[in-house]
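1. fold the following and give me the result.
(one chain, ligands or ions: 2)
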Amino acid sequence: MTTTQTVRVGLEDRSYDIRVGPGLIAGAGNEIRPLIRGRKAFVVTDSTVSGYWLDPLTRSLDAAGIAVTTIVVPPGESSKSFADFEHVCCRMLEDGADRRSAVIALGGGVVGDLAGYCAASVMRGLDFIQIPTTLLAQVDSSVGGKTGINTPQGKNLVGAFYQPKLVLADTGTLATLPKREVLAGYAEIVKYGLIRDAAFFEWLEQNGADLIAGDEAVRISAVVDSCKAKAAVVTADEREAGLRELLNFGHTFAHALEAAAGFDGTLLHGEAVSVGMIQALELSRRLGHCAGQDTERARSHLAAMGLKVRVADIPGSARWKAEALLASMRRDKKARDGSIRFVLARGIGDAFSSDDVAPDTVRGMLQEDLSTAASV
Ligand code: NAD
Ligand code: GLY
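-> Ligands and ions are numbered 1, 2, ... in the order given. Below you'll find the predicted structure:
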């Protein structure tokens, strides 16, 4: 029998539980009701997730005496926009939001980031609940309170830190998730091994294929361990003064790649993270921090699972220029006074932040990778 497991995020008066297991949506109303101030909730979801998981959630909220208004956005990264932020906030206000209303995000990281930013903004802060339905959202984006939207200048450049009151990671929802999305989420799981936990990376080498194939016990174990890893970092450094930067391993590259790809679905966030982590390891190798065999080990695991590991693997990358990717990286939130800050690694499980990286080294590495795209 599978039982629900709980991971606590300890943040004083903003502490909350992450509940992990199958079937949690059916009992969501009773879990949520004691945690919110009022009896009215806005469920924000996308038009794909709503077809699978909205009815059982609505039934459960109704049964618990919570009145539901549903706001549906289009699926995909393009919904993390000013236009959708405005649409969702205005819908809440038109439909009678008051200070005691709650916002429930039902969906992946896109819905969670957008709904969370709306929850942080409407009436200067409504109670917020995360019900993540992608692997990526269950292991990463629903935990830790980062919310926000993209702008034409890049990813996640407008937003707020705003913690949820509860995360319900119903692993049963992963049954309807396409394999490509499962793989994208898997990249963020591998990240925890690469940054701080070599033993977890080794466990993933042994169990990753079963996880991707749908083994429920392996999935629950990986979600719980990922949430524990993220909770430990967030508890120590909620606002990213230092340690939390490590969670951005591979992301300086990934965000630039996503911006170049244009947020149109050709490159998923987790796919970009997979490529970005290998770039970060390769950069670490070139700078003399990391042994080549560690870079190769990570590359071969991600590739064996079916993830992209080269910029050249990304559709459309033959048209990209290293200089433009570098310019995009300079707009990364970690950049300081125009110099790019990278998360590097001394080996698997041992990441650190550095702003001592010559742009020429990064440019050369990107040019080498991109030159193979031009020839395919
Ligand atoms: P997503 O929200 O776009 O979901 C991926 C796709 O899967 C969508 O088409 C969605 O409709 C569909 N989907 C979701 N759940 C489903 C289900 N159970 N069954 C069938 N289809 C389902 O993408 P994502 O990968 O979950 O999240 C990516 C976003 O998360 C990015 O914008 C990224 O920047 C953000 N992110 C945020 C944080 C954070 O800390 N806030 C961390 C990592 C990533
Ligand atoms: N996903 C990066 C963070 O939450 O800090």
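
2. just the buried residues of stretch 310-328, please?
-> Across stretch 310-328, burial judged by 16 or more other C-beta atoms under 10 Å covers 310, 311, 312, 313, 314, 317, 320, 322, 325, 326, 328. C-betas here are computed from N, CA, C, even on glycine.

3. mind listing what the closest residue to ligand 2 within the stretch 251-376 of the chain touches?
-> Nearest residue of the stretch 251-376 of the chain to ligand 2, counting by C-beta to the nearest ligand atom: residue 251, 7.0 Å away. Counting by C-beta atoms under 8 Å, 6 or more residues apart in numbering, residue 251 touches 273, 276, 332, 343.

4. near ligand 2, which of the residues you listed show up?
-> The overlap between those and the neighbours of ligand 2 (C-beta under 6 Å from any ligand atom) is empty.

5. top of those by neighbour count?
-> Within the contacts of residue 251, most neighbours by other C-beta atoms under 10 Å means residue 273, with 32 neighbours.

6. ok, now how distant is that one from residue 64?
-> Note on residue 273: its distance to residue 64, by C-beta to C-beta, to the nearest Å, is 36 Å.

7. grab the nearest non-local neighbour of the residue nearest to the spatial centre of the chain.
-> Nearest to the geometric centre of the chain sits residue 141, at 3.6 Å (C-alpha atoms, centre = their mean). Leaving aside its chain neighbours, residue 141 sits nearest to residue 109 (3.5 Å; criterion: C-beta to C-beta, 6 or more residues apart in numbering).

8. and stretch 67-80, what's buried?
-> Residues 68, 69, 70, 71, 72, 73, 75, 76, 77, 78, 79, 80 are the ones in stretch 67-80 that count as buried (16+ other C-beta under 10 Å).

9. now do the phi/psi pair for the fifth one.
-> Note on residue 72: backbone dihedrals following degrees, to the nearest 10 are phi -110, psi 130.

10. so it touches residue 45, yeah?
-> Yes - using C-beta atoms under 8 Å, residue 72 makes contact with residue 45 at a distance of 5.8 Å.

11. residues near the closest residue to ligand 2 within the stretch 201-350 of the chain, how many?
-> Residue of the stretch 201-350 of the chain nearest ligand 2, by C-beta to the nearest ligand atom: residue 247 (3.8 Å). Look at residue 247: counted by other C-beta under 10 Å, it has 23 neighbours.

12. with adjacent residues omitted, what lies nearest to it?
-> Using C-beta to C-beta, 6+ apart and skipping residues adjacent in sequence, the residue nearest residue 247 is residue 233, 5.9 Å away.

13. burial measure for the one you found, as a count.
-> 21.

14. tell me the mean pLDDT for the helix or strand hosting it?
-> Here residue 233 sits within helix 216-236, counting by DSSP states H and E. The average pLDDT within helix 216-236 is 98.

15. ok, now stretch 138-148?
-> Stretch 138-148 comes out at a mean pLDDT of 98.

16. quick one: terminal-to-terminal distance for it?
-> 17 Å (C-alpha to C-alpha, to the nearest Å).

17. make 52 the starting number, not 1.
-> OK, 52 is where the count begins now, so the last one is stretch 189-199.
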